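Engineer: structure of the sequence below:
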Amino acid sequence: MILVKIMDSAMFYRIKSYRNKDGSQRQYISLVATKRIEGQIRQVTVAHLGRVEQVAELMPDLVKKLGHFTNKLAVIDGSKGLKNDWVKEYGPVVIFSRLWQQLGLERYLGKYLKRRRIVFDASQAIFAMALNRLLEPKSELATHGWAKGLYGLRAVDDLNCWYRALDVLMEHKDHIEQELFVSQRDLFNDEIDVVLMDTTSVVYWGEGTGADGLLAYGYSKQKRFDLKQVIVGILMTKDGVPIGHEIYPGNTNDIRAFEAMMQAVAERFHIRRVVIVCDRGMVSERNLKLLEQAGYEYVVGVRMRQLKQHDARRLLEKAKMRSVSPQLKGREVPFEGKRLVVCFNAEQAEKDKQKRQEIIGRLVEKLKTQGLKSLLFRKEYSKYIKIKADKPQLNEEKIRAEEKFDGKFVLQTNTALHWKEVVRAYKDLWQVEAAFRALKNELAMGPIYHSAERRIRAHIFICFLALVLRINLQKKLTDIDRTLSFSKVIDDLKKIKAVKVSLQTTPYILRTELTGDACYAFKAVGLKIPPRLLNDPPPKETIVVPHL
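Structural biologist: As a prediction, the model looks like this:
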């Protein structure tokens, strides 16, 4: 039954019967209202609806429309005195605030900030900057305004306080990373014994000269040789958990960066046993000797093309290889007192072959139209060219020699690990590469616009902290369900907003509904889903808050 109240009158229907001349009956239905007229209750016909049998066919649709009209009236009546004050970001703030606390970052920062007698909440400013990297990367200046749209964050209104917070952050960088390393090791119950390391370059846009000791021209992995840059090195566990980062001048080569990162591992992180894993670009005989003298074990890539031809032919034989995975095979080969592991990936071999054929196809066409000089400056072409009778030709012997490298890589190690474990440790380097992709693409570590060295270092540290938060949440989500998409969970979290409404003079802060996979984020960090009403307004008469 639908009860409708309009203009202080109660409405009901009435059926009247009439007899026809043939003795049959006809019935009519009317809508009647009870009203008070001149102090007396009277029933007034509001509308004649027609014959009962005709109205019966239309009644379901009529009832539905009357109900919808009634609800609209209730909403209009209930919205009187209701004002929407603001809508703010809420879902990601809750989840990443929880992780920030679980990792101990708020506690560590609070400890160091207390020593400086900082009166504002610098920890919240630093958290806001890291959160911005995860959600909507902006400059520190723009982030200051962006943070005002977050609910659940203690406000730091003065922009100068944000920059002071960055300066304090850098003063205690090493100590914060050490404590963060310990908290993550305990969190994942992981016996850290393998350290992955790699470097990347981050370009600088600007005219500032305040960081000339750090900003320099060098080999750019973004191929922007016209811009100054800095070199960033990342240290990670074999499970992909970041434990530290280092920053070097832009003209530092990988070998020198490698030496400095080894020193950081030795001095800053008290790791029970270290197996250094790094790519062939960071390896030299001198570095391997330094590793062994320091007592480190290592797994490194070997530059196959630097092997002598007869050695390469013997080492790269596919005979007697055993399976590591469906696509990957390998075997251990002792060589000149070294322990080498040779691997072959069938899928990669096909890709290498196809790529080489495409290069040679282009080269054949260019040999018809372009001069030798222009081709020799292109490394991809020059190695397949030979000069005969002052004319460039395809080097068929070199092409055949390259075929033996297809899909293969060689590792060198001084560990006692089984050769299959050596291969798996090296393959874990993809996690460092994935971290760099996240830093550059999702967290927008570069390009850098700061001109002061301390601010450049602080900006990169903020990006590193954002990476720590990202990877921690990603691992917790994977523990729940390996099929969960981190990006989708974040997108669904962003849909959870805090909405402030005022009903009459009473403020209410409500959260919007959870949709999609957002609920998994709360489960991952061990939080209950927050109530719909986020604040506790002062008690007044009972008021029904409209559903948002």
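
Engineer: just give me how far the helix or strand that residue 198 is a member of sits from the chain centre.
Structural biologist: If you go by DSSP states H and E, residue 198 is part of strand 194-203. Computed by C-alpha atoms, centre = their mean, to the nearest Å, the chain-centroid distance of strand 194-203 equals 18 Å.

Engineer: which elements pack onto the helix or strand containing residue 247?
Structural biologist: For residue 247, the element it lies in under DSSP H and E is strand 242-249. When contacts are defined as 3 or more C-beta pairs under 8 Å, 6 or more residues apart in numbering; DSSP states H and E, strand 242-249 sits against helix 173-188, strand 229-237, helix 254-268, helix 453-480. For glycine as for every other residue, the C-beta is placed from the backbone atoms N, C-alpha and C.

Engineer: for the ones you listed, which one ends up most surrounded?
Structural biologist: With neighbours defined as mean count of other C-beta atoms under 10 Å, these peak in mean count at strand 229-237, which reaches a mean of 24.

Engineer: I figured residue 184 hits residue 241, correct?
Structural biologist: Yes: using C-beta atoms under 8 Å, residue 184 is in contact with residue 241, at 5.3 Å.

Engineer: who touches both of those two?
Structural biologist: Common neighbours of residue 184 and residue 241 are listed as residue 472 (criterion: C-beta atoms under 8 Å, 6 or more residues apart in numbering).

Engineer: tell me the contacts of residue 43?
Structural biologist: By C-beta under 8 Å, 6+ apart, the contact set of residue 43 is 32-35.

Engineer: just give me the neighbour total for the nearest residue to residue 266 once chain neighbours are set aside.
Structural biologist: Nearest non-adjacent residue to residue 266, counting by C-beta to C-beta, 6 or more residues apart in numbering: residue 294, 6.5 Å away. By other C-beta atoms under 10 Å, the residues close to residue 294 number 13.

Engineer: pLDDT value on residue 294, please?
Structural biologist: As predicted, residue 294 sits at a pLDDT of 73.

Engineer: could you check the distance from it over to residue 276?
Structural biologist: As defined by C-beta to C-beta, to the nearest Å, residue 294 lies at a distance of 10 Å from residue 276.

Engineer: can you work out which residues contact both of these two?
Structural biologist: Common contacts of residue 294 and residue 276 (C-beta under 8 Å, 6+ apart): residue 262.

Engineer: for the stretch 51-200 of the chain, which spans come out with low pLDDT?
Structural biologist: Applying pLDDT under 70 to the stretch 51-200 of the chain picks out residues 56-82, 116-120, 186-193.

Engineer: in it, which spans are strands?
Structural biologist: For the stretch 51-200 of the chain, applying DSSP state E, counting those that start in this stretch gives strands covering 82-89, 194-203.

Engineer: report the angle between the longest one and helix 254-268.
Structural biologist: Orientation note: strand 194-203 sits at an angle of 130 degrees relative to helix 254-268 (axes from the mean of the first three to the mean of the last three C-alpha atoms, to 10 degrees).

Engineer: neighbouring strands for strand 194-203, and are they parallel or not?
Structural biologist: Strand pairing for strand 194-203, determined by DSSP bridges: strand 229-237 (antiparallel), strand 275-278 (parallel).

Engineer: ok, which of these comes nearest residue 462?
Structural biologist: Closest approach to residue 462 among those (C-beta to C-beta): strand 229-237, 12.6 Å.

Engineer: if I pick the residue nearest to residue 335 when sequence neighbours are not counted, what's in contact with it?
Structural biologist: Closest residue to residue 335 apart from its sequence neighbours, by C-beta to C-beta, 6+ apart: residue 315 at 6.4 Å. When contacts are counted by C-beta under 8 Å, 6+ apart, residue 315 touches 307, 333, 335, 340, 342, 410.

Engineer: residue 315 and residue 299: what is the separation?
Structural biologist: Taken as C-beta to C-beta, the span from residue 315 to residue 299 is 17 Å.

Engineer: may I see the helices and strands packed on strand 242-249 arranged in a markdown table, with distance to residue 367 as well?
Structural biologist: Formatted as a markdown table, these follow (distance: least, C-beta to C-beta, whole Å):
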| stretch | distance to residue 367 |
| --- | --- |
| helix 173-188 | 54 |
| strand 229-237 | 36 |
| helix 254-268 | 35 |
| helix 453-480 | 46 |
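
Engineer: looking at the ones you listed, which is closest to residue 392?
Structural biologist: Closest to residue 392 of the helices and strands packed on strand 242-249, according to C-beta to C-beta: helix 254-268, at 33.0 Å.

Engineer: sorry, back to before: tell me which of the strands of the stretch 51-200 of the chain sits most buried.
Structural biologist: strand 194-203 comes out most buried of these by mean count of other C-beta under 10 Å, with a mean of 24.

Engineer: run the angle between it and helix 453-480 for me.
Structural biologist: Comparing the axes of strand 194-203 and helix 453-480 via the same axes, to 10 degrees yields an angle of 130 degrees.

Engineer: I'd guessed residue 331 sits against residue 423; true?
Structural biologist: No: in this structure, residue 331 is not within contact of residue 423 by C-beta under 8 Å, at 10.3 Å.

Engineer: shared neighbours, the two?
Structural biologist: Both residue 331 and residue 423 are contacted by residue 341, under the criterion C-beta under 8 Å, 6+ apart.

Engineer: ok, these two, which is more surrounded?
Structural biologist: A count of neighbours by other C-beta under 10 Å puts residue 423 above the other of residue 331 and residue 423, at 24 against 17.

Engineer: that one touches residue 322, doesn't it?
Structural biologist: No: Residue 423 lies out of contact with residue 322 (C-beta under 8 Å); the separation is 10.7 Å.

Engineer: overlap of the contact sets of these two?
Structural biologist: Joint contacts of residue 423 and residue 322 (C-beta under 8 Å, 6+ apart) are residue 330.

Engineer: hmm, who's touching stretch 141-157?
Structural biologist: Contacting residues not belonging to stretch 141-157 are listed as 88-90, 93-94, 97, 120-122, 124-125, 127-129, 131-132, 136, 138, 159, 162, 165, 497-498, 509, 534 [C-beta under 8 Å, 6+ apart].

Engineer: first vs last residue of it, how far apart are they?
Structural biologist: Chord length of stretch 141-157, first to last residue, is 12 Å (C-alpha to C-alpha, to the nearest Å).

Engineer: how much space between the residue nearest the centre of the chain and residue 403?
Structural biologist: In the chain, the residue lying closest to the centroid (C-alpha atoms, centre = their mean) is residue 470, at 5.1 Å. Distance, residue 470 to residue 403, by C-beta to C-beta: 41 Å.

Engineer: identify the residue spatially nearest to residue 476, adjacent ones excluded.
Structural biologist: residue 524 (3.9 Å).

Engineer: residue 298 now?
Structural biologist: Closest residue to residue 298 apart from its sequence neighbours, by C-beta to C-beta, 6+ apart: residue 276 at 4.4 Å.

Engineer: what is that neighbour paired to in the beta sheet?
Structural biologist: Per DSSP bridges, the residues bridged to residue 276 are residue 195, residue 298.

Engineer: thank you kindly, that will do.
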